[in-house]
Each structure stands twice: as structure tokens, then as C-alpha cells.
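Undergrad: Sharing a model prediction with you, sequence too.
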Amino acid sequence: MAAKHSALSLKVLAECPVTKARACEMILPHATVNTPVFMPVGTQGSMKGLVPDQLRDLDCRLILGNTYHLGHRPGPELLEKAGGLHSFMQWDRALLTDSGGFQMVSLLDLAEITEEGVKFKSPHDGSMMLLTPEHSIGIQNAIGADIIMQLDDVVSSTVTGPRVEEAMHRTIRWLDRCLAVHKRPHDQNIFPIVQGGLDEDLRRQCARELVKRDVPGFAIGGLSGGEEKQHFWRMVTVSTDELPNNKPRYLMGVGFAVDLVVCVALGCDMFDCVFPTRTARFGCALVSTGQINLKNKTFAKDFQPIDKDCPCSTCQTYTRAYLHTVVTFETVACTLLTVHNIAYQLRLMRSMHESIIAGQFPEFVQTFFKDMFPKKNYPDWAVDALSSVNITLL
Amino acid sequence: MKFSVEKIVHGGCRLGLLHEVGKLQSVTVETPLCLLHTKAGSAPNLSMDTLGYIQNLPPIALMPLNLLAEHHETLEEYKKGIADFTAMKDFLICCSLQDPCTAVPSGYNDKTSVALWGRAGKMKVDPELFVKIQEAFQPDWFQCLGDSDTNKDSSKKRSKKAVDNTLNFLDEILKRRKSSEILQQSSVFGSIEGGFNQFERERSAKETAARGVDGFAIEGFQSDGQEFRQFHEKEFTDILGLTLKHLPEDKPRMMLGVWRPDSVLQAVSAGIDIFDSSYAYSVSEKGRALVFDFDYHKKHWESITDDDGSENSKNATTTGRGFSVDLKDSRYKDDFSPVLKGCGCYTCKTYTRAYLNHLLTTSELQSGVLLMVHNLHHYFGFFEAIRQSLREDKFQQLQQLIDGHSRSPSADR
């Protein structure tokens, strides 16, 4: 048998004839995943109070873990002893881990990036630590996720100038170092990351360089960090233009419903974001019109479920009025809203998958926007982004 | 509600049957019974999804009124009662006054009302409001208003006042209940008060018994929300014994509290029938898992070889083991065995101590879920063992086993 270069196969089931959206089936070592897909974030090997059975009940098949956190606790040695994160957390479906670089840059004040890697002061004992591409892949090999990410040189999306170009080139050099030390290409898929800030040319250059490597899929990084939305969508569409059709495209850190719908139209397949689980902790539930905060007194005597059409166990079991009495007080409320919010995200992605297959994605987008903005006060960037792929909002 | 004592063994232990309780007329529940303790209508940390992972749940949930009372207007409008509102409709609901594992601030009760502390602060509840709340909640049984703000240090005068107030509340509530159609379905438990005053305790018991209630809630010894620890004191056991002597045998006696297993057995011996599971919650909150042995059928030599779940894993016998282990302890960091070997609960069948240790050290919410599942399973299993031991006349064997744990240096945890 020929040596296997990747542990991922992507079957494009349907392409939207109007936009760049596509519906695919992605086969990973631990699951077959339909795209577009949203990946809930279980940072430290746990999904915010949900047990894996609850995620399986929601038909969730791919979740994300954070290398920075897992590398610290429980640590790669322990994860190796446990037989990897799948076995440690009893999640038998697919996992993706990030490289750890993003957390360092975003969480730590004292990160310094050199050619060698990311130097940072340990928040735990204050000692200076260095995360190199080799180290990141080593930890990710120990974690054992189906998809792992290269260490990239992350620059805040609001930074401009030569630093952005330097980071783009370094990201490519680091990719080669990551590929060289990746020990498990037969069962772990490494994704490189398109960088290049908010500069179209740099983005194109980066993507063109990355696609020369034999990798199973690609990520688009360095966005969703507070940049202008008009810049954001242009960088996304430039990147997807450059990436090959036969490999999955993962847009990192994006998870607001409106962004998801627009970026699916721009040709992205995979997404992750802490937003749905984080907002649950503050008592917010996602609905077709945006989100509602159940702490609000208006829900005190509202005896309907969060969403009467939602099949999740929270909506099938509890009323808004009951949730109002427990949100932000009882930990169970966080779990209940997390279940619903993940269900909302997964349902949204499933609807897009189905509408692309049915050849009705443009109509889906129009209806989605009408529900979300009943007064038709659509954000300009979304109108522009969608019109770039031939959708006119009603 | 009907209650019958099937058997009295080992002095005062009662094996009893509760039947025709509230909406589940056909269900028969055996005592000694442990009610499922809830907070604000849910078992702590558990949704209906995860509560369902526990196989041996009792059919009755305890809902302390203090965290729910402030929502009574919502419930009034809802009309279908608290069981339905909290999605606990598969359970019978026993509505107590205070949460057994939350400290109740002292000094706020008076002649006309009892203070209930909820999220919104203090709510003064008099008999009129109390009946109104119960009409909105429609529990299968409820504990009457009681002034339980007494302890060892309470004066004779304070204890007397507590009994006077409580009896007045009871009279007023029973009077109002008569004209309430909706509350005809609900059983009423009278509150037995009186602190540590012998005379007042006896008076409270006699007078409450004379008023024809369905059962008794015995309280007023301790209201700090901590583990109930009065049994080492003779003063307490004497007073409890005297109190119970004046209660009719054919009525159930409920005593809510954070009950360590050895105290449960002492209370059962004294003649208490109904408890609650707040101990399992309190243990879970400390990041600990219950590991005490209640399988009294096993011979002693077997328990010597069974050293799993032991704090000091070498040469462990039952003696020397506490009731629980601290899963935050770094010794469990790379322990890939289940929380308790041989335990059939969801947590033990699925996860390792190492994973629980990780969840606890990273403060992940899932730790609370998995610990509650295990600890409730274990605690309810313990109550099943109590009933079994009474049926088989082997209560003493069980008591020996549990005493072994309580002699452990780590038993206080």
C-alpha cells in the first residue's frame, strides 16, 4: 500500500452555482463531518459543563481544544500516558487543536517573537519559556487531534507595515519546520495558515506559497481580531480565491451567525469561536433574531422555550421563565444555555449544508438576513460581501 | 400521604412505607429515605439530561422554599405548579422551608413571619403569604413555617418563643388550608422546634402531634449549612430521643441536613425516616468523591484486600479510610483508574481519576457534573443498603463498616 500523506478526504457534494459556497463531506480519522461546520471550543479538554454524550446527542462531530492550555495542564506527558486527548476526555469523535501561538500573543503581555519561536513569560511561575514550531507540533502529536495547526506568526489584525510582511514570510518558514517534525501524518492532518494581515497582495502571496506544500487543508488566520468588517470579508474572499477546491478551508475564530453565513458564501468550510459558549455563561441564548439575555425581566413570565423550533433538550424541557430564575446563579443554567447555543450553531450550519445541496443557498441567505434584521438595516459590509458573490438581500 | 412502619429493629430503626403521596397515588416509597436535594429547582450542577444518568434516583425531590419563594408570582401565573415549572414533573415534590446546606442568617424571624433568604435578599413570609405561595407551587407535601433560628446557645426564652411562633404559624396555616381547594392534595409536615431546651422540645412535639399533621420536620438544632455533627453530644441525642417519644409512631419524621454517613445511621437508630442528599452536593463542592464502603455482605477479609478508593492505598482496611477522597490531590494526576473501582455510575464507568483531577485543577464546570453524578449515585446506594440491612436484620454489620470509616483520621472531610 502506498504511504498515506494525509488522514483526510474531502468530497465536495455540491457547489452553489451562484456563490462560492460548497457542501462537503470530510472524512477524518474519528468522524465523518459535513461542512460547512462549526466547531465548539472545549479549551481544556472539556466542553463547558457538557459531557460528551450531550455533544453526541446534538450530533456534534468535531470540537476544538487549545494547545496552549492543554500543553500546560494536563501536559503532553500525561496526555501521552492517557493515550491522547480522545481517550482522556472520552470523546470518540473528531478533534482539532490550534498551535498555541494565538493564545500566547493574545493572553500574554510579555510575548516576544523571534525566528526561533514565541518567547513568553510563564503566567504560572514567571520563568521565560519558548514555544517553537517543533515544540507546538510535539504537543499536538501528544494530544492526537484529527486536525492540528502549524505554529504561525500571529500579528494583530490592526497592525500595519513591514511587521505584517515579516510575519507572513515567517509563517511560511515555520510551516516547513512544522511539517519536518510532524510525527503522525498518517492519522493527524496538519493545516497551514494563510497570513498577510489586511493586505490583499500579502494574502495572495502567502496562500500561493502554502498551496505548494502537500497538506490536507488550509486555514485562514489573523482575522476576526477587531479589524474593519469591510477589510475582514475582503481578506477572506481573497484567501478562498487562492485555495484549491479539493481541500477544506478553515476560517479561524469566526462564529457570529451573520459572519458564518457570509463567509460560507465566500467559500469557507470550517469555523470555530468561543462566542456561543461564552455568551451562554452570561445568560444569553442565540435565536434567529440574534440573541436574548434571559436575565432580562421581560422573560420572568415567558413560558415558551427559548426557540420553539429548536430540538435541543433545553428547549424541549425548560421555559424561558425557568431559565430566568437560574441564569448566572446556578451552574446548571450555564450548561443549559451552552447546550442550546451549540445546538443553534450546528443547526445553522446544517441548514446551510442542506440548502447548498438543494441548490437554494442564495434564498437561504436572504431569508436568514430577513429574520436577523426584520427592519432590513443590514450591515453594509455584509451587503457588499454578499453582492460580491451575486446575492442581493431582499 | 399514608405512612406505615413495617418493622422496628435494633432499638429504634424504622423500616417504613410511604404511600398515596400527592400526585403519584400508586407509588410506594420505602424509608429510611433520602430525598433528591435541589437548589432553585434543579439538582445542583445537573440538568434533566445529566440527572438522567443516575440510575437509582428516589422518586421525591426536595425543594427548599428560600431560593424559590421570590418567584411565587410567576408560579401563580404559570398555574401548573413548581414540579412542572422546574421540569421535575416525574418527581414528587417535598417543599421544605430552608436549604439544608446554606447558612440561614440569624435574628430575622418574629412573631408574625419567618425570613427566607433568596437571590433577591430577605423575604418575610407570614402564614397568609406562605399559603399563597404553596397554592402557586402545588407541592405534594410541604413543611409548615417554622422558627428554626435556635442552636445550643439559645436561651430558654428564645426556644420558647420559637415553639410558640411555630405553633401559631401551624394553626393559622391549617386553618387557611381548610378553605384552599388546591392544597387538599398536599400533605403537611409540622415543624418541631425548641432548640436544646428539653421542655420546649417536648411541648413542640406534643402540641404539633395533637394538630393532626401528616408528618414532622425536626429542626432548630443547627442552621449553619455545615455538616450535621450533633450526634457526638449526649445533650443532643437525649433531646432528640425525648422529642421523638412524643411523636406518633405512624407518622414519618423528616430531618434535613448535610448528613455524613455515620450520622445518618445514628439518626436512623434514633427513629428518623426521611433525609436529603445535600451531603453529596457538599462533598462535590469540595472536589471530593465518596468512596466509603457500605457493602456489609462482604466479609471483612475481602475489604482488606479491596484497597482501591483508599486514601492510604497500602495495607488499607476499612478502618483508616475516610468517606471521600480529594480528587484535587496531585496523587491522582496520573491515576487512570475509575473514581471508585466497581462503582456502576456513569462517571466511574466513563472517566478516570486523572481526568477528574484535571477538570478540578482547571476549574472546569464538568467536574461538578461528574462528581454530582457519582456522589448522588453512591449516597442513594448507601440508603438502599440501609433499607436492605434493616430488612435483613443486618443493620449492625452496616454500622460496623461505617464506624470503621468514621474512625479514620480523614473522616472529617
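TA: Great, that's in hand.

Undergrad: contacting residues around the residue of the stretch 151-300 of chain B found nearest chain A?
TA: Closest contact between the stretch 151-300 of chain B and chain A, by Cβ to the nearest Cβ, is at B:Glu285 (10.5 Å). From N, CA and C alone the C-beta is placed, and that goes for glycine too. Applying Cβ atoms under 8 Å, 6 or more residues apart in numbering or on different chains, we find B:Glu285 in contact with B:Gly368.

Undergrad: Report the contact partners of the residue sitting nearest the centre point of chain B.
TA: Nearest to the mean C-alpha position of chain B, by Cα atoms, centre = their mean, lies B:Asp276 at 1.8 Å. Residues in contact with B:Asp276 (Cβ under 8 Å, 6+ apart) are B:Cys34, B:Leu35, B:Leu36, B:His37, B:Leu62, B:Ser96, B:Pro100, B:Leu256, B:Gly257, B:Trp259.

Undergrad: that older thread, per-residue confidence at the residue of the stretch 151-300 of chain B closest to chain A?
TA: Looking at B:Glu285, its pLDDT stands at 98.

Undergrad: mind checking how far it is from A:Ser46?
TA: In this view, B:Glu285 and A:Ser46 are 18 Å apart by Cβ to Cβ, to the nearest Å.

Undergrad: beta partners of the residue nearest to the centre of chain B?
TA: B:Leu35 (DSSP bridges).

Undergrad: What confidence value was assigned to it?
TA: 98.

Undergrad: again with A:Lys119
TA: 88.

Undergrad: Wasn't it part of a strand?
TA: Yes. Assigned with DSSP: H, G, I helix; E, B strand; the rest coil, A:Lys119 falls within a strand.

Undergrad: Identify the residues contacting it.
TA: Applying Cβ under 8 Å, 6+ apart to A:Lys119 gives the contacts A:Ala111, A:Glu112, A:Ile113, A:Met128, A:Met129, A:Leu130.

Undergrad: Now the last one: which helix or strand?
TA: In the assignment (DSSP states H and E), A:Leu130 maps to strand A:128-131.

Undergrad: show me the residues around A:Gly84 that make contact.
TA: Going by Cβ under 8 Å, 6+ apart, the list of residues near A:Gly84 reads A:Ala142, A:Ile143, A:Gly144.

Undergrad: Redo these as JSON lines? Include neighbour count and pLDDT.
TA: Converted to JSON lines, the contacts of A:Gly84 look like this (neighbours: other Cβ atoms under 10 Å in any protein chain shown; pLDDT from 0 to 100):
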{"residue": "A:Ala142", "neighbour count": "22", "pLDDT": "97"}
{"residue": "A:Ile143", "neighbour count": "24", "pLDDT": "98"}
{"residue": "A:Gly144", "neighbour count": "23", "pLDDT": "98"}
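
Undergrad: and the longest helix for the chain?
TA: No chain in the question, so chain A it is. Counting residues, the longest helix found in chain A (DSSP state H) is helix A:331-357.

Undergrad: Oops, wrong one, chain B.
TA: Max-length helix for chain B by DSSP H is helix B:365-391.

Undergrad: what about B:Pro59, neighbour count?
TA: B:Pro59 has 16 neighbouring residues, counting by other Cβ atoms under 10 Å in any protein chain shown.

Undergrad: Same question for the one 3 residues further on.
TA: B:Leu62 sits with 27 neighbouring residues when counted by other Cβ under 10 Å.

Undergrad: B:Gln55 now?
TA: The number of residues near B:Gln55, taken as other Cβ under 10 Å, comes to 11.

Undergrad: show me what contacts it?
TA: Neighbours of B:Gln55 in contact, by Cβ under 8 Å, 6+ apart: B:Gly344, B:Cys345, B:His377.

Undergrad: A:Arg203 now?
TA: Listed by Cβ under 8 Å, 6+ apart, the contact set of A:Arg203 reads A:Val194, A:Gln195, A:Gly196, A:Gly197, A:Met235, A:Val238, A:Ser239, A:Glu242.

Undergrad: Spatially nearest residue to it (excluding sequence neighbours)?
TA: Nearest non-adjacent residue to A:Arg203, counting by Cβ to Cβ, 6 or more residues apart in numbering or on different chains: A:Gly196, 3.8 Å away.

Undergrad: Tell me which residues touch the one you found, please.
TA: Contacts of A:Gly196 (Cβ under 8 Å, 6+ apart): A:Val164, A:Glu165, A:Met168, A:Leu202, A:Arg203, A:Arg204, A:Gln205, A:Cys206, A:Ala207, A:Gly222, A:Met235.

Undergrad: Just the pLDDT at the residue of chain B found nearest chain A, thanks.
TA: Using Cβ to the nearest Cβ, B:Leu365 is the residue of chain B that sits closest to chain A, at 3.4 Å. Looking at B:Leu365, its pLDDT reads 96.

Undergrad: Now B:Val114. Its backbone dihedrals?
TA: Main-chain dihedrals, B:Val114, degrees, to the nearest 10: phi -120, psi 140.

Undergrad: Identify the residues contacting it.
TA: By Cβ under 8 Å, 6+ apart, the contact list for B:Val114 reads B:Leu97, B:Lys124, B:Val125, B:Leu145, B:Gly146, B:Asp147, B:Phe169.

Undergrad: So of the residues you listed, which two are at opposite extremes in space?
TA: B:Lys124 and B:Gly146 (14.5 Å; Cβ to Cβ).

Undergrad: more neighbours, the two?
TA: Between B:Lys124 and B:Gly146, counted using other Cβ under 10 Å, B:Gly146 has the larger neighbour count: 29 against 13.

Undergrad: Quick check: the more buried one touching B:Phe169?
TA: Yes. Under the criterion of Cβ atoms under 8 Å, B:Gly146 makes contact with B:Phe169 at 7.1 Å.

Undergrad: Tell me, how many residues neighbour the residue nearest to B:Leu24 when sequence neighbours are not counted?
TA: If the residues on either side of it in the chain are set aside, B:Leu24 comes closest to B:Leu92, at 5.5 Å by Cβ to Cβ, 6+ apart. The tally of other residues near B:Leu92 (other Cβ under 10 Å) stands at 25.

Undergrad: surely B:Leu92 meets B:Gly22?
TA: Yes. Judged on Cβ under 8 Å, B:Leu92 makes contact with B:Gly22 at a distance of 5.2 Å.

Undergrad: List just the nearest of the contacts of A:Gly84 to chain B.
TA: Using Cβ to the nearest Cβ, A:Ile143 comes nearest to chain B of the contacts of A:Gly84, at 12.9 Å.

Undergrad: The residue lying closest to that closest one once chain neighbours are set aside: what's it in contact with?
TA: Once flanking residues are discounted, A:Ile143 sits nearest to A:Leu85: 4.7 Å by Cβ to Cβ, 6+ apart. Counting by Cβ under 8 Å, 6+ apart, A:Leu85 touches A:Gly45, A:Gly65, A:Leu70, A:Leu79, A:Trp91, A:Leu95, A:Thr97, A:Ile143, A:Gly144, A:Ala145.

Undergrad: circling back: now the residue nearest to B:Leu24, what are its backbone angles?
TA: According to degrees, to the nearest 10, B:Leu92 has phi -80, psi 150.

Undergrad: what's the answer for A:Glu242, then?
TA: Torsion angles at A:Glu242 (phi, psi; degrees, to the nearest 10) stand at phi -80, psi -20.

Undergrad: nearest spatial neighbour of it, skipping sequence neighbours?
TA: Excluding its sequence neighbours, the residue lying closest to A:Glu242 (Cβ to Cβ, 6+ apart) is A:Ala207, at 3.5 Å.

Undergrad: Contact partners for the one you found?
TA: A:Val194, A:Gly196, A:Phe218, A:Val238, A:Ser239, A:Glu242, A:Leu243.

Undergrad: The stretch 301-413 of chain B: strands as residue ranges?
TA: Applying DSSP state E, counting those that start in this stretch to the stretch 301-413 of chain B gives strands spanning B:324-326.

Undergrad: and it, which residues reach chain A?
TA: When proximity is defined as Cβ under 8 Å from any Cβ of the partner chain, the stretch 301-413 of chain B approaches chain A at B:333-334, B:336, B:350-352, B:354-355, B:358-359, B:361-362, B:364-366, B:368-370.
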